[in-house]
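With the sequence up front, the predicted model follows.
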Amino acid sequence: MGTRKKKDASPSAPVKRIARSIHLIRDQKVMLDADLAALYGVDTRTLVQAVRRNVERFPVDFMFQLTKPEFEDLRSQIVISSWGGRRYPPYAFTEQGVAMLSSVLRSERAIRVNIEIMRAFVELRRMQASHADLARKLFSMEKKYDKQFKVVFEAIRDLMAPPELEKRGRIGFSPSSGKRK
């Protein structure tokens, strides 16, 4: 039996790089087909073909295609388009969809990349939970202390502002109002 190197559990550079590829679309954290294809080292067309051949593995809560307005909004948010002259809006994969990709793309690289992507999603959840816990504690402290500390609490709250991923506005249409957000 060979020995396996134990990887450090702390967020690595690939995890941070992957985290920057996670977008908030339709109130879900997703990764786009072009970003995933680049990570897997395949053409976007190849990735989409593999998914289409196995479409039964990708229900709507695992993968969806952006609408043209969503795609345009996303491109304007990112400013520089890495997608070139696509004819069709990209596919967005939720965390479960990315996990399912490992059953469709079976290369060694796909396995390694999927592990790093899962770590990135876990790290984002951990950070989000940490921010929520810190916000609760801060609110509790604010209630206890004088207004003289108000400036300090406001400064701390500014420092706790969510990362860029969480600051982005939602893309698409609101099902309740039918209006664009």
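Thanks, I have the structure now. Numbers count the residues shown, from 1 in each chain.

Helix or strand with the lowest mean pLDDT in this protein?
None of the helices or strands of the chain scores lower by mean pLDDT, DSSP states H and E than helix 164-167, at a mean of 52.

Mind checking what secondary structure Val152 has?
Look at Val152: counting by DSSP: H, G, I helix; E, B strand; the rest coil, its state is helix.

Which parts of this protein are strands?
22-25, 28-32, 63-65, 91-93 (DSSP state E).

any weak-confidence spans in this protein?
By pLDDT under 70, the weakly predicted segments of the chain are 1-13, 15, 78-85, 141-150, 162-181.

which residue is nearest the centroid of it?
Nearest residue to the geometric centre of the chain (CA atoms, centre = their mean): Ile22, 2.4 Å.

So that one sits against Arg125, correct?
No - if you go by CB atoms under 8 Å, Ile22 and Arg125 don't touch, sitting 11.1 Å apart. The C-beta positions use only the backbone N, C-alpha and C, and glycine is treated the same way.

From Asp61, how far off is the residue nearest to Arg157 when sequence neighbours are not counted?
Nearest-residue entry for Arg157: Leu138, 6.8 Å, with adjacent residues in sequence omitted and distances by CB to CB, 6 or more residues apart in numbering. As judged by CB to CB, to the nearest Å, Leu138 and Asp61 stand 34 Å apart.

okay, the two: which has more neighbours?
Per other CB atoms under 10 Å, whichever of Leu138 and Asp61 has more neighbours is Leu138, with 14 against 10.

mind listing what the more buried one touches?
Listed by CB atoms under 8 Å, 6 or more residues apart in numbering, the contact partners of Leu138 are Phe153, Ile156, Arg157, Met160.

One more pass at 7 Å, please.
Contact partners of Leu138, counting by CB atoms under 7 Å, 6 or more residues apart in numbering, are Phe153, Ile156, Arg157.

would CSV of those with neighbour count and distance to Thr67 be doable?
Shown next, in CSV, are the contacts of Leu138 (neighbours: other CB atoms under 10 Å; distance: CB to CB, whole Å):
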residue, neighbour count, distance to Thr67
Phe153, 15, 41
Ile156, 15, 39
Arg157, 14, 35
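
hey, which helix is longest across this structure?
The longest helix of the chain (DSSP state H) is helix 108-144.

Could you check how far Val60 is from Phe71?
For Val60, the distance to Phe71 (CB to CB) stands at 17 Å.

rewinding a little: what's the most buried one of the strands of the chain?
With neighbours defined as mean count of other CB atoms under 10 Å, the strands of the chain peak in mean count at strand 91-93, which reaches a mean of 24.
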